[in-house]
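In: Okay, predicted coordinates and the sequence, questions at the end:
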Amino acid sequence: MKIHTLEQQQTLPISLNEAWAFFSTPANLEKITPADIGFEITSPLEYQMFEGQIITYRVKLAPLLRLSWVTEIKCVVEGHSFVDEQRFGPYKFWQHRHEFEAVPDGVLMRDKVHYALPFGPFGALAHGLFVRRKLEWIFASRQRILTEYFAAQ
């Protein structure tokens, strides 16, 4: 199984407390996910995430193809970091670490995703043809959405 890594960082002009309050609220994930993904949270949500929380979603893989995705929140370090791991979904393996650090201009947010695709050589081909580019596009879109969202605050 080939594990791929995607890393990104962004400085947001907000305090560490504001960043944590926003990113540890599961409902805000819909706000920062591009509409083209057709992302919909399907589980009841608590206001604040917690370790062991299971969150279910539906995502659009193609115009008429929607898929369920189940993640678990792990390794919560209040005000600093958390991990979401796929329990069921489109990837063979998915682990997304979110980290937040106070810096002079606000908060440095780091994302590190480790992921693997199913279907052996077909998954490797899909990764090279479109999966990697799609993930990069999603994270670039999130950066733009977050910049606009926090600039308007």
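Out: It's in. From a predicted model like this one, the values you see are computed outputs, not experimental measurements.

In: Please make it C-alpha for all contacts and neighbour counts, starting now.
Out: Fine.

In: all helices for this structure, in order.
Out: Secondary structure of the chain (DSSP state H): helices located at 16-23, 28-32, 120-126, 132-151.

In: where in this structure is pLDDT low?
Out: 153 (pLDDT under 70).

In: So which of the helices of the chain is nearest residue 109?
Out: Taking Cα to Cα, helix 16-23 is the member of those nearest to residue 109, at 8.5 Å.

In: Would you indicate which residues of the closest one are buried?
Out: 16, 19, 20, 23 (16 or more other Cα atoms under 10 Å).

In: Reformat these as TSV; add distance to residue 72.
Out: Output for these, formatted as TSV (distance: Cα to Cα, whole Å):
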residue	distance to residue 72
16	23
19	20
20	18
23	15
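
In: before we move on, back to that, select, out of the helices of the chain, the one closest to residue 50.
Out: With Cα to Cα as the criterion, residue 50 lies closest to helix 16-23 of those, at 11.9 Å.

In: Next, the angle helix 132-151 makes with the closest one.
Out: 130 degrees (axes from the mean of the first three to the mean of the last three Cα atoms, to 10 degrees).

In: helices or strands up against helix 16-23?
Out: strand 93-103, strand 106-116 (3 or more Cα pairs under 8 Å, 6 or more residues apart in numbering; DSSP states H and E).

In: and with 7 Å instead?
Out: Packed against helix 16-23 by the contact rule (3 or more Cα pairs under 7 Å, 6 or more residues apart in numbering; DSSP states H and E) you find no helix or strand.

In: of all the buried residues of helix 16-23, which comes closest to residue 120?
Out: Closest approach between the buried residues of helix 16-23 and residue 120, by Cα to Cα: residue 23, at 33.6 Å.

In: and the spatially most central residue of the chain, what are its bridge partners?
Out: For the chain, residue 96 is the residue whose C-alpha lies nearest the centre (Cα atoms, centre = their mean; 6.5 Å). Note on residue 96: beta-bridge partners residue 84, residue 113, judged by DSSP bridges.

In: Just list the residues touching it, thanks.
Out: 83, 84, 85, 111, 112, 113, 114 (Cα atoms under 7 Å, 6 or more residues apart in numbering).

In: so what's the fifth one up against?
Out: Read it as residue 112. 6, 7, 8, 96, 97, 98.

In: How about the contacts made by the residue nearest to it when sequence neighbours are not counted?
Out: Sequence neighbours aside, residue 7 is the residue nearest to residue 112 in space, at 4.5 Å (criterion: Cα to Cα, 6 or more residues apart in numbering). Residue 7 makes contact with 111, 112, 113, according to Cα under 7 Å, 6+ apart.
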